[in-house]
Every structure is written in structure tokens, then in C-alpha cells.
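>>> Fold the following, please.
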Amino acid sequence: MDKMHTKNITLKQGLAYSLPIVVTSFLFFPVQMLLTGLYAKHFGLALTTIASIVFAARLFDAMTDPLIGYFSDRHRSHTGSRKPWIVIGSILLVVCSYFLWTPPANVSAGYFMIWYFAFYLAWTVVDIPHLAWGGELAPCTHEKTRVYSLRAFCWFAGSVFFFAAPLLPIFLDSGFTPETMKWSVLASALVVVPVLAYCVKATPNGLASQKYKKQSFRMVFNAVIGNKPLMILLAGYFLISFSYGIYIGLSFIFADVYLGIGDKLPLAYLISSLCGLVGAWVPYRFAQGITKIAGYSWAVMLTAVTFAAVAFIEPGMSWIYFAILTGSVFFSNSVLQVLVPSLLSDIADYGSWKFGVDRSAMYFSSYLFLQKTNVGIGGAFALAFVGLYGFDATAITHSDTSVLGLRIAIGLIPALLMIISLVFIAKIPINTRRHKVIQKRLFQRAQRIEKNRLKTGSTIIRPNAQPIVD
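Below you'll find the model as predicted:
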């Protein structure tokens, strides 16, 4: 058999691939962390109404995410590229963000629902293909980690830019307001086109995939459900993403309404985002020295301890305590944003070998669906939970009962779920050695396909099957 080899993606190409994520995260962080709180505080929507819309949006994702994954895989098998999805999705995301953050004076629940749905659909169009594309740029398991490290670095770079925006002297208020949101969206509109142009020009399409015949949705469904390592990974991530959803859904209300440090939030989140940048660098630097499962487990344990500690912050304490703990959450989350997609890309290679079909985007759509759904439902659950305890985001003082509910929701419940997820993480069967075996078998299959092509003269695009020896 010929020696297995391929050209590694360069640092320049990896950064070009990751650069659009600066824009998408710049827009996504405020929607994920601030939107519900701002619509409740500044636009008067009830927390229960917001929670219902968030829950309905996640049901909508259940239909759209698998479809985006399916059609992205199908489009790539015919054209060899996922780039059109990235371009279209990014531009749509900017448009939806503008309408979401600049509502009319008397905004209705219907207006919020339409643009909230549209925003998440646009994010799906760009994020699922982009995640799958990253694994296709680097076949080696350690190189996958480095590619996703660059992606996570750009993700938190976008958050740094966003959280730094209210601190600019052009704004009278250093907190998060509808005015800062409006100008942030306009700034993203100015940079999105040149960023996308550079990404498309400088980044390769990745290793080509075999051109397959059309398959039924049942066969595609079986390729997902029948992938046991995928099911184990998603089971653990289900608990993790739900935990993050609870924390994120209450973070703004906890800090601004309860702790009374709303004016310090931009600086606190800016410090936290810088911690996220460091977290993205760690897997990149130690990609060959730390196993993915071990790194994954340590990051989850750190998050669990941090969540529990947040529950004990009280009004009157320095805002720096909140900044440190949130920074710890961002750091560990950054590590997870590298290792989980990298593991998932290895599992996608396993699926390609087992089922004979490249369904990377379908697998990543399952991951992203859990991420969006559980973060959203976790946030809705958190709002409903504190609502049942009588917590009012518009009130100046709060009863002991309502504060107890807030503490349990933002800290103790997420910490418990994180600890339970460790059981599933320990059972993920794909490690570095097994991935090398999978890549070797994919390469052997590619050689057979190539020989058949030369014999028959048929046109077949070679599969993602030329691994590098670490």
C-alpha cells in the first residue's frame, strides 16, 4: 500500500477558515447571554412569554438543523465545497441581528418571535457547514484539534470585541443597552463582506468526499442513530449544554438585577472573554500531549466547581468575584469548544468508514442542535424556575425565597448536571490509536475506489481518506 500522507493546513489557512467566526460570535454572544434580559428589562416582555418563544424556537430547530446538515453534505458531495453556505448564512445573520436588536418602540411578542427564529436559522446555515468543514481540512486527529482551537480562538475574539464595545467613549452608558446593540450590529455589517471574501479565497475546500447517490432520509437517520460513539458523546453533551443554558439564561439577570453590577458587566465579560482566548490556546499548544477525553473531563470538572461557587456570590461583594468565576466558565467552555468538535470529527470519520457515506454535517447538526436546543431550553427552564420562586426582574428588592431559587438555578443545578455528564465522557470509545486505524481503513478504501475508477474510466471524487501519520 502507498504511504499515507497529505499536506497539513497552514496557520494562515486555519486562521482564514476561522475568521468568519469572529463576526458570528460578535453577533451570537449578545443573543445568547443578554437578549432575554434586555427584552424583559428595556422592552417589557414578560419572562414567561420570552421563555415560551425560546422553547418554540428550539422545536423549530428540531426540523431545520437536520435538514441543513443533510443538504450541506449533499451539496458538498456534488461541488466539493461548503463555502456558499458560510457566505449566505453569515450575511443573513447580520440582517436578522439588526432587526432583533432594533425593535419598534412598542415591540410585540410576535415581532420578537419572528426575528428570533430567523436569527437561529441563519446561524444554523453558517455554523453546521463551518464545523464540518473544519474536520475536512485536517484528517489527523491532532491537526483537527489545532484547527478547532483556531476556530474557538476566533469565537472568543468576537466576544472580546463585543464586550469591549460599551466601554468605548462614544457611549454615555458603559452598560449593555439597546443603543450599544444597534451600533454593534452596524459595525459587523461593515466587516462581514471583506472577512468572507478573504476566507473563501485563502481557505481550501478540504479533502474531497466521494460522490454518492441520493439516499433516503431513513438511511441518513440510521447513519446517525447507528453510530454508537456519536450517541455516547451526545448523551454527555446533552447534560453539559443544558447546564450552560441555565447559567447563560440567568447570567445577566443575576449580575445586573440581583448583584447590581450592570455597569461593570462589559468589563467583567471582557475579562472573561480573554480567559476564553487562553482556553482556546491550551489545546492548540498541547494537542499532542493531552488526550481529548482527559482534557474534556478536566474542563467539565472545572466548570462544575465554578458553577457551584457562583451560587454563593452576594450583593455588596466586589464585581471582580463575578468576573473571575465567569472567566473560569469561559476558559473551560473554550476548551470544550475545541475538544468536542475535534472528537466529533473523529467520530464522523468512524461513521464514514462504517456506513460508507460522509455525513459529517449531519453529525455536526446533531451536536449543534443539542447546543442550541439545550442552551435555549436550559435558559427557558431557568427563567421558569426562578419565576416559580417569585423572582421579578423589574423589582428593586427580592425576597429570601426568590433569591434561594435564583441561587439554586444558576449554580447548584448546573454543577450537578456537569458531574453526571462525566459518566458518559468516560465511555467515549474513539481515541487517538483507534482513529489512526479508522483513517488507515478509509485510505485503503480510497485506494480501491481509485483503482476501480482507473479501470472503468468513471468520474468519482476521491473520499476523505488520506490521513497523515502522527
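
>>> how far out from the middle of the chain is the lengthiest helix in the chain?
Counting by DSSP state H, the longest helix found in the chain is helix 319-355. How far helix 319-355 lies from its chain's middle: 8 Å, per Cα atoms, centre = their mean, to the nearest Å.

>>> Check stretch 186-196 too.
With Cα atoms, centre = their mean, you get 20 Å for stretch 186-196.

>>> Report the mean per-residue pLDDT for that stretch.
Average pLDDT, stretch 186-196: 90.

>>> go on, stretch 314-323?
89.

>>> Would you indicate which residues of that stretch are buried?
319, 321-323 (16 or more other Cβ atoms under 10 Å). Placement of C-beta: from N, CA and C, glycine included.

>>> buried stuff in the longest helix of the chain?
Those would be 319, 321-353, 355, for helix 319-355 by 16+ other Cβ under 10 Å.

>>> next one: stretch 43-54
Buried-residue list, stretch 43-54, by 16+ other Cβ under 10 Å: 43, 45, 47, 50-54.

>>> And stretch 242-260, by the same measure?
Buried residues in stretch 242-260 (16+ other Cβ under 10 Å): 242-259.

>>> hang on, the earlier thing: by contact count, what packs against the longest helix of the chain?
If contacts are counted by 3 or more Cβ pairs under 8 Å, 6 or more residues apart in numbering; DSSP states H and E, helix 319-355 sits against helix 109-137, helix 141-164, helix 217-225, helix 228-252, helix 265-285, helix 292-310, helix 360-388, helix 432-456.

>>> Would you reformat those as CSV and include distance to Val87 and mean pLDDT?
Formatted as CSV, the helices and strands packed on helix 319-355 follow (distance: least, Cβ to Cβ, whole Å; pLDDT from 0 to 100):
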stretch, distance to Val87, mean pLDDT
helix 109-137, 8, 90
helix 141-164, 17, 88
helix 217-225, 25, 72
helix 228-252, 27, 91
helix 265-285, 24, 87
helix 292-310, 31, 94
helix 360-388, 16, 83
helix 432-456, 29, 76
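
>>> Pretty sure Ala384 sits against Thr49.
No: contact criterion Cβ atoms under 8 Å: Ala384 and Thr49 do not qualify, at 11.3 Å.

>>> Give me the common contacts of these two.
Counting by Cβ atoms under 8 Å, 6 or more residues apart in numbering, Ala384 and Thr49 have no shared contacts at all.

>>> which stretch of helix or strand covers Ala197?
helix 178-202 (DSSP states H and E).

>>> from the middle of its chain, how far away would that helix be?
The answer for helix 178-202 is 19 Å, by Cα atoms, centre = their mean.

>>> helices and strands around that helix, which ones?
Using 3+ Cβ pairs under 8 Å, 6+ apart, helix 178-202 sits against helix 11-18, helix 20-33, helix 83-101.
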